[in-house]
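Chemist: A structural model of the following input is requested.
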Amino acid sequence: MTASPLTKRLFLTAELLLLGATVTAAVFLHSAAEWHPAVLVALLIVLAFLSETFSVELGDGTLSASTVVIVLAMGLQGPGPAAACGLAAVIISSTARRVTFSQWLINLATFAAVPFGGGLVVRAIARHFHLLQHGPSGSSLILGLVLLGVFAGTLVLNFVLIGLRTFVEEGRSLRRQLPDFMPLLPGEMAAGALASILAVAYRSDGLPALIAAIVVLLIFQHLTVALLRSEERAEQLQARSRQLVGLQLGVLRTLVRALELRDATSARHAAAVSAYATALGAELGCDEEELDVIRAAGLLHEIGKFTWPDRVLHAESVAPEDQAIIENHPQVGSILVGALDGYGPVADAILYHHERMDGRGYPAQLIGEEIPLASRILAVCSTYDAMSARHGYRSSMTPEEAIEELRVAARNGQLDPTLVDKFIELLGREGPEFAQEPDFEAELEFERRVQDMAEPPPVSPAARAPVALGRNLLSRARSRTPS
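Modeler: Purely as a prediction, here's the structure:
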């Protein structure tokens, strides 16, 4: 539940007071030393602008080097320059996103107060332990550790400020927002660690070393942003591909289901043939890719019957004038399935599943092993299920009678004798009706097929994008707001 208008106004007033208090404190607590050397201050402010200019939105934050710049200002200069860098970053960020007044206010207050407070703490600790003077490398290392620790504290403060704003506007408690915050921590801490290392390098080797490191940092950010944007475009293209593939495969699934409305046995028969054929393919030692072709071809092998008129679909015997319609359905099915990218082998298996070993089949009168193995497997399994199935309006044989008919068909040149023998062995081991009650949707595995057909081959981890420098929690409220 969101807060009342009065609570929202009070919160905005508190944000305005926080911003005003930060600016006032910066005026009264500043020292001239923290703005020197002026070249370094100017460099950091310019970098804060540039970092946000080349930032990119990610799913869980914003990729930007401004975090590194702000932490550097906290450690090398002081609270005033840190707040200036924060404000420089937020002005670019909020302007680019065209945020509302309330979002402007929370961003300005957060970017000013959090870096300013962090800079005050770093300066107090460094003065107490005499870490500000250039001295032994050990003192520089301690300052780097102090800077990293203070930065971790500013992350918590930033989360609280942004979380309070989200609580007021959306009613989500800080505890419920914590899962959104936790994924950002690794990138943020990596950015803080990098800034601490750069601060140590500056104290040890001076401005040239820092400038060189920052140039490399900006180049790295530019390349990373370009790569991430390229990946985003690739993901969008992949999503469109998945939608297209889903539409195409969904059309075939719908045709099978529509055929089932006209012939109640169609989907069951398709699923049974697929299950029988896949088991027989495994028995023959087919690999996973070949089995997937066989499974898909079994499911879709009779899809061409969708074009048959009812007089043909429900006929007890085929009239001579309808024989051409019967013999054309493998070609129709092959054309429908072949429209799917990557389904060429499945289309071929469907096209030739009514060929005969003696060359008297259709549509191409292929002989023997000229017929694809998947088509020969479909022919055996489809014939057996059509004879032995106990469903539908047609009379059926017992499994024993169907097996004997398979042997006769093998002797007469219709079916592959070797495959018939293997199939009979399989039935003897698994049971003559082991695939009689399959589920069409389960056999189709629709979602898995869409994903496999739409997605590119997997990329090795070494070829993936480099690790981001930091997802800048300081630069934005959570993704539910455009700030």
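Chemist: Secondary structure element holding the nearest residue to residue 86 once chain neighbours are set aside?
Modeler: Of all residues not flanking residue 86 in the chain, residue 111 sits nearest, at 3.6 Å (C-beta to C-beta, 6 or more residues apart in numbering). (Each C-beta comes from the backbone N, C-alpha and C, glycine too.) Using DSSP states H and E, the element containing residue 111 is helix 101-128.
Chemist: tell me how far that helix is from the chain's mean position?
Modeler: With C-alpha atoms, centre = their mean, to the nearest Å as the basis, helix 101-128 stands 36 Å off its chain's centre.
Chemist: And stretch 256-270, by the same measure?
Modeler: The answer for stretch 256-270 is 35 Å, by C-alpha atoms, centre = their mean.
Chemist: can you give me the end-to-end distance of it?
Modeler: By C-alpha to C-alpha, to the nearest Å, the extent of stretch 256-270 from end to end equals 9 Å.
Chemist: For that stretch, what does the pLDDT average out to?
Modeler: Mean pLDDT, stretch 256-270: 77.
Chemist: Tell me the backbone dihedrals of residue 129, please.
Modeler: Main-chain torsions, residue 129, degrees, to the nearest 10: phi -100, psi 10.
Chemist: Roughly how far does the nearest residue to it once chain neighbours are set aside sit from residue 80?
Modeler: Nearest residue to residue 129 in three dimensions, chain neighbours excluded: residue 142, at 7.2 Å (C-beta to C-beta, 6+ apart). Distance from residue 142 to residue 80, counting by C-beta to C-beta, to the nearest Å: 23 Å.
Chemist: And the two? Which one has more around it.
Modeler: residue 80 (22 against 16; other C-beta atoms under 10 Å).
Chemist: Touching, that one and residue 35? I think so.
Modeler: Yes: between residue 80 and residue 35 a contact is recorded at 6.9 Å, counting by C-beta atoms under 8 Å.
Chemist: With only the CA atoms kept, save the helix or strand where residue 336 lies in CSV.
Modeler: Using DSSP H and E, residue 336 falls within helix 323-338. Taking Å, rounded to 0.1, in the frame of the first residue of the first chain, the C-alpha atoms of helix 323-338 are listed here in CSV:
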residue,chain,number,x,y,z
GLN,A,323,-6.1,-42.7,-54.5
ALA,A,324,-4.2,-39.6,-55.7
ILE,A,325,-5.3,-37.7,-52.6
ILE,A,326,-4.1,-40.5,-50.4
GLU,A,327,-0.7,-40.7,-52.1
ASN,A,328,-0.2,-36.9,-51.9
HIS,A,329,-0.4,-36.5,-48.1
PRO,A,330,3.3,-37.3,-47.4
GLN,A,331,4.2,-34.4,-49.8
VAL,A,332,1.8,-32.0,-48.2
GLY,A,333,3.0,-33.0,-44.7
SER,A,334,6.6,-32.6,-45.8
ILE,A,335,6.0,-29.1,-47.2
LEU,A,336,4.2,-28.0,-44.0
VAL,A,337,7.0,-29.3,-41.7
GLY,A,338,9.8,-28.3,-44.0
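Chemist: Which helix or strand lies directly C-terminal to it?
Modeler: Following helix 323-338 in sequence order, the next helix or strand is helix 344-351 (DSSP H and E).
Chemist: What lies in contact with that following helix?
Modeler: 293-294, 296-297, 300-301, 303-304, 330-331, 333-335, 337-338, 340, 363-364, 372, 374-375, 378 (C-beta atoms under 8 Å, 6 or more residues apart in numbering).
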